[in-house]
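Peer 1: no sequence for this one, just the structure:
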């Protein structure tokens, strides 16, 4: 019976501190990244539900064509998913992912990590809100994420980001490629994404 109260209702989203997430500094050197690396960032717990295995599969498919591509993963191993997390860590140490995928563990400098990245990736299998997507957009990054109800409320247009279905490593690799091969590497998309948060997710609203 949602239609009974849809019209007089207004959705108030959880706020995102646009100034904080948009004000990070480049720390590539501290992260062991080169200035000419193309950095794809994922911020999520190492859980199967977050699609970490899909990140690794996408990295395998793209590594040969993009030799400067680096995948930076920030987040702890999820509670109860130690076996999955350790398997992901081990796979990242083997060719062709060795040196391409880097797990950074938990960090407190997320705005700086975002400022050091070129694209944000979240191939999650389920999400209640998708705060990490909104934070990446606040940092001006082009976003590639799963096409699920939560992200559809944030990335409301193909001009703001790429939402992927079906959720497979190949689908995400294709979406990443489509952004990286744009003339500006997706920078205009990232800027539009940041602007779209105003009036929806900013603290003032």
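Peer 2: Yep, it's here. What you are looking at is a predicted structure, and each value in this text was computed from that prediction instead of being measured. Numbering: from 1, shown residues only.
Peer 1: and the closest residue to residue 41 other than its chain neighbours, what element?
Peer 2: Closest residue to residue 41 apart from its sequence neighbours, by C-beta to C-beta, 6 or more residues apart in numbering: residue 117 at 3.8 Å. (Each C-beta comes from the backbone N, C-alpha and C, glycine too.) Using DSSP states H and E, residue 117 falls within no helix or strand.
Peer 1: Could you do residue 86 as well?
Peer 2: Going by DSSP H and E, residue 86 is part of helix 82-91.
Peer 1: other SSEs contacting that helix?
Peer 2: Judged by 3 or more C-beta pairs under 8 Å, 6 or more residues apart in numbering; DSSP states H and E, helix 82-91 is in contact with helix 52-62.
Peer 1: Going by neighbour count, which residues in the helix or strand following the helix it packs on are buried?
Peer 2: With elements assigned by DSSP H and E, the helix or strand that comes after helix 52-62 is strand 69-74. For strand 69-74, a neighbour-count test (16 or more other C-beta atoms under 10 Å) marks 69-74 as buried.
Peer 1: coming back round to it: can you get me a residue count around the residue nearest to residue 41?
Peer 2: Using other C-beta atoms under 10 Å, residue 117 is surrounded by 28 other residues.
Peer 1: Check residue 114 too.
Peer 2: For residue 114, using other C-beta under 10 Å, the count is 24.
Peer 1: Then it would be within a strand, right?
Peer 2: No. Residue 114: not assigned to a strand; according to DSSP: H, G, I helix; E, B strand; the rest coil it is helix.
Peer 1: my guess is it contacts residue 134, does it?
Peer 2: No. Using C-beta atoms under 8 Å, residue 114 and residue 134 do not qualify as a contacting pair, with a distance of 11.6 Å.
Peer 1: Give the next helix or strand downstream of the helix holding residue 86.
Peer 2: Moving toward the C-terminus from helix 82-91, the next helix or strand (DSSP H and E) is strand 101-105.
Peer 1: what angle sits between that next one and strand 69-74?
Peer 2: Going by axes from the mean of the first three to the mean of the last three C-alpha atoms, to 10 degrees, strand 101-105 is angled at 20 degrees with respect to strand 69-74.
Peer 1: for the record, mean pLDDT for strand 101-105?
Peer 2: On average, the pLDDT along strand 101-105 is 97.
Peer 1: Return the member of the buried residues of strand 69-74 nearest to residue 33.
Peer 2: Proximity of these to residue 33 was ranked by C-beta to C-beta; the top entry is residue 70 with 6.1 Å.
Peer 1: for the closest one, what are its contacts?
Peer 2: 33, 37-40, 100-102 (C-beta atoms under 8 Å, 6 or more residues apart in numbering).
Peer 1: Pick the one among those closest to residue 180.
Peer 2: Looking across those and measuring by C-beta to C-beta, the closest to residue 180 is residue 38, at 6.5 Å.
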